[in-house]
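> A predicted structure for the sequence below; I have some questions about it.
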Amino acid sequence: MEILYHTIVGAAILAASPFILMRMALSAAFRSDILERHRGGKSLPPLSGCLWIHASSAGEVRAAKILIDVLKKNSGHPPIVLSTFTRTGHDLAKKENIENVFRLPFDFPLWLNPVFDKLNPSQLILIEAELWPSLLRQCKRRNVPVLLVNGRMSERSAGRYRKILPFFRWIAEAVSVFSMRTQADADRVLALGISSQKVQVTGNIKFDAQTGDTLPAEKYPSKKYPWMIFGSTRPGDEGPIMESVVRLKKEMPDLNVALAPRHVSRCQEIESLIQEYGVEFKRHSQLSQNLEETRGAVILIDTMGELNHYYARAAVAFVGGGFNPRFGGQNILEPAGLGLPVIYGKHMQNFEEEARLLKESGGGIQIQSPTELYPTLHRLLTQPEERKRRGQSAGKTIRANQGAVQKNIELIRKTQTAF
């Protein structure tokens, strides 16, 4: 199986080489991305015996940050190294001042072997769903225990793995423990043939995220005038959002609005859409004044790491990615943890349990189609008692489901001592 996988990947790399080289020559950003992956962990100091954590993108990096912060509070822990796959994940890790961060090379021994040789990790922690075949086989060959933390397995992912079941079991053979967020996630892993002795349900680390706002309040919105935040939007979200904004602003001219796309690279596209609706706006990066006295503004958040500070002073939040089944929703826990009623779409398979818990508590409102967005926003913005009640329910739901971090810390220690 391993020879076959590496043969296929190697052939694909060779076939794609002319395209890759041409794009590197034409695009400085793409060239930087490839070279950064190629360097891997070469820029890191000697960290033999380290605890290696891998988190793909921004959402996984946030979960990793929670875990790292707790690990660092305990004396005697080994050096910690964090790898990311996406550029957004890497940039967020740097912004959060996480030490020893690098981009994971492509999943092929030619690039992975030097990383293993330099790090000589004592353990590999994967966040959520990062099962890279060559990475895992290297761990098995080198007797490095692997722990999947905050594991998730959607029904769609399980269906894909069922089609290549022998391949999935070959990959999963290297994982020592599957620490899953929910029983539903665990059941899907078990149904794929993973031994029950390797599967545990420990909850969702993201419930343990700190909700305090530590940046100076004068730089960010106050509650003097109401703020409506549209966070982590995906393609297809912004049209219904702008239609709702135009209608709301006619009735509530003092309403402030902030819109944050899931990928800041889409800001130019969204800027053009906002202009089509004839709405005046500013980019967050271009703001020169503080927002304490802001009244009736529309802000496009075009920098990483700012969204939570807007959530912290908002009245209502909408989280994108739920109108299209292809996206499967985005993180609804961040605004909920700050005591906001949260609106989200129908398709939340990536946050299935979180969506259910918030909906059942009343802290979340799951709308079935984009046409429901405006009336739902209007109701919450004009009915402060309902807004307050739902916000309190959202916060209580978060607090009631905390504790996953400590459970996973204990698993990390047990897995280390077992090898």
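Arrived safely. Residues are numbered from 1 along each chain as shown.
> how about the contacts made by W170?
Shown in contact with W170 (C-beta atoms under 8 Å, 6 or more residues apart in numbering): M1, E2, P133. (Glycine included, C-beta is placed from N, CA and C.)
> domains for the chain, by residue range?
8-22+35-203+403-417, 217-400 (automatic domain parsing).
> in TSV, list those along with distance to A29 and mean pLDDT.
Below are the domains of the chain laid out as TSV (distance: least, C-beta to C-beta, whole Å; pLDDT from 0 to 100):
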stretch	distance to A29	mean pLDDT
domain 8-22+35-203+403-417	9	91
domain 217-400	10	93
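> who touches the residue nearest the centre of the chain in this structure?
With distances taken as C-alpha atoms, centre = their mean, G59 lies nearest the centre of the chain, 1.4 Å away. The contact partners of G59, taken as C-beta under 8 Å, 6+ apart, are E128, Q330, N331.
> touching, the first one and S154? I think so.
Spelled out, that is E128. No: with contacts counted by C-beta atoms under 8 Å, E128 stays clear of S154, the gap being 10.8 Å.
> in terms of neighbours, single out the busier of the two.
Ranked by neighbour count (other C-beta atoms under 10 Å), E128 and S154 place E128 first, with 25 against 18.
> identify the residues contacting that one.
Per C-beta under 8 Å, 6+ apart, neighbours of E128: A55, S56, G59, E60, A63, L148, V149, N150, G151, R152.
> export the domains of the chain to CSV and tack on distance to A28?
Converted to CSV, these look like this (distance: least, C-beta to C-beta, whole Å):
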stretch, distance to A28
domain 8-22+35-203+403-417, 10
domain 217-400, 15
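> strands along the protein, start to end?
Here the chain has its strands, by DSSP state E, at 51-55, 80-84, 101-103, 123-127, 146-151, 177-180, 199-201, 227-233, 256-261, 282-283, 298-300, 316-319, 342-344, 364-366.
> switch those strands over to JSON lines; also include mean neighbour count and distance to R39.
Listed next are these as JSON lines, based on neighbours: other C-beta atoms under 10 Å; distance: least, C-beta to C-beta, whole Å:
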{"stretch": "strand 51-55", "mean neighbour count": "27", "distance to R39": "16"}
{"stretch": "strand 80-84", "mean neighbour count": "25", "distance to R39": "12"}
{"stretch": "strand 101-103", "mean neighbour count": "21", "distance to R39": "7"}
{"stretch": "strand 123-127", "mean neighbour count": "26", "distance to R39": "20"}
{"stretch": "strand 146-151", "mean neighbour count": "26", "distance to R39": "24"}
{"stretch": "strand 177-180", "mean neighbour count": "25", "distance to R39": "31"}
{"stretch": "strand 199-201", "mean neighbour count": "17", "distance to R39": "36"}
{"stretch": "strand 227-233", "mean neighbour count": "26", "distance to R39": "30"}
{"stretch": "strand 256-261", "mean neighbour count": "26", "distance to R39": "29"}
{"stretch": "strand 282-283", "mean neighbour count": "14", "distance to R39": "32"}
{"stretch": "strand 298-300", "mean neighbour count": "21", "distance to R39": "33"}
{"stretch": "strand 316-319", "mean neighbour count": "28", "distance to R39": "35"}
{"stretch": "strand 342-344", "mean neighbour count": "27", "distance to R39": "38"}
{"stretch": "strand 364-366", "mean neighbour count": "22", "distance to R39": "42"}
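> among those strands, which comes closest to R390?
Closest to R390 of the strands of the chain is strand 364-366 (C-beta to C-beta; 7.4 Å).
> what's in contact with the closest one?
Outside strand 364-366, the residues that touch it by C-beta under 8 Å, 6+ apart are 322, 332, 336, 341-346, 348, 355, 357-359, 376, 380, 390, 394.
> let's see it at 10 Å
316, 318-319, 322, 329, 332, 335-336, 340-348, 354-359, 372, 376-377, 379-380, 390, 393-394, 397 (C-beta atoms under 10 Å, 6 or more residues apart in numbering).
> about what we covered before: keep only those of the contacts of W170 that are in helices.
E2, P133 (DSSP state H).
> I'd like the contacts of W170 laid out as JSON lines, including neighbour count and distance to R23.
Output for the contacts of W170, formatted as JSON lines (neighbours: other C-beta atoms under 10 Å; distance: C-beta to C-beta, whole Å):
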{"residue": "M1", "neighbour count": "13", "distance to R23": "31"}
{"residue": "E2", "neighbour count": "13", "distance to R23": "30"}
{"residue": "P133", "neighbour count": "19", "distance to R23": "25"}
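> and of the contacts of W170, the nearest to F230?
Using C-beta to C-beta, the contacts of W170 come closest to F230 at P133, 37.5 Å.
> need the nearest residue in space to the closest one, chain neighbours excluded.
I171 (5.1 Å; C-beta to C-beta, 6 or more residues apart in numbering).
> buried members of the contacts of strand 364-366 into PyMOL, please.
Selecting only the buried entries of the contacts of strand 364-366 in PyMOL, with 16 or more other C-beta atoms under 10 Å as the criterion:
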select buried, resi 316+318+319+322+329+332+335+336+340+341+342+343+344+345+346+347+348+354+355+357+358+359+372+376+377+380+390+393+394+397
